[in-house]
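1. A predicted structure for the sequence below; I have some questions about it.
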Amino acid sequence: MNNETMSYGYIHTPTLGERFWRALGFRYHLGEDPEDVDTLQGWTRTDTRLHFHWTDRFRLLLTGRLMVSTISHYDAPSPTVIKNRTDWQIRAPGE
């Protein structure tokens, strides 16, 4: 695998710390932009950061499944206001 990731026209070379954590299995994914994205009027980005209590971490250890949903509401056809809601659920065994 190449140690360089290209995204949005620049090249990112991972630091020693990033390579260390990646070797331990902590990975991230930078997705590709859709085709013709430059012709679109605008865009939105939602970053979600979850901090879990130790009981939630134990539940995640049992199932390893977490579902995160982001729901966006905007006024159309030319949105000026965008409101987001993020829901998360730790899946129970068998779900």
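-> Nice, thanks for sending it over.
2. can you list the domain ranges for this protein.
-> As given by automatic domain parsing, the domain ranges for the chain are 1-32, 40-95.
3. rank those domains by pLDDT, which is bottom?
-> Of all these, mean pLDDT reaches its minimum on domain 1-32 (a mean of 71).
4. coming back round to it: could the domains of the chain be laid out in TSV, adding mean neighbour count?
-> Just so you know, the C-beta spots here come from the backbone N, C-alpha and C atoms, and that holds for glycine as well. Listed next are these as TSV, based on neighbours: other Cβ atoms under 10 Å:
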stretch	mean neighbour count
domain 1-32	9
domain 40-95	10
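5. which ones are touching the residue in the chain sticking out farthest from the centre?
-> Of all residues in the chain, Pro77 sits farthest from the chain's C-alpha centroid, using Cα atoms, centre = their mean; the distance is 26.4 Å. Under the criterion of Cβ atoms under 8 Å, 6 or more residues apart in numbering, Pro77 has no contact partners.
6. also Ser69?
-> Thr86, Asp87, Trp88.
7. which one of those residues sits closest to Thr55?
-> Lowest distance from Thr55 to the contacts of Ser69 (Cβ to Cβ) belongs to Trp88, with 14.5 Å.
8. that closest one - that's part of a helix, no?
-> No: counting by DSSP: H, G, I helix; E, B strand; the rest coil, one finds Trp88 to be strand, located in no helix.
9. follow-up on the earlier one: what is the nearest of the contacts of Ser69 to His51?
-> Checking the contacts of Ser69 against His51 by Cβ to Cβ gives Trp88 as the nearest, at 11.2 Å.
10. quick check: closest non-adjacent residue to that closest one.
-> Val68 (4.9 Å; Cβ to Cβ, 6 or more residues apart in numbering).
11. surely that neighbour meets Thr86?
-> Yes: applying Cβ atoms under 8 Å as the test, Val68 and Thr86 come out as touching, 6.8 Å apart.
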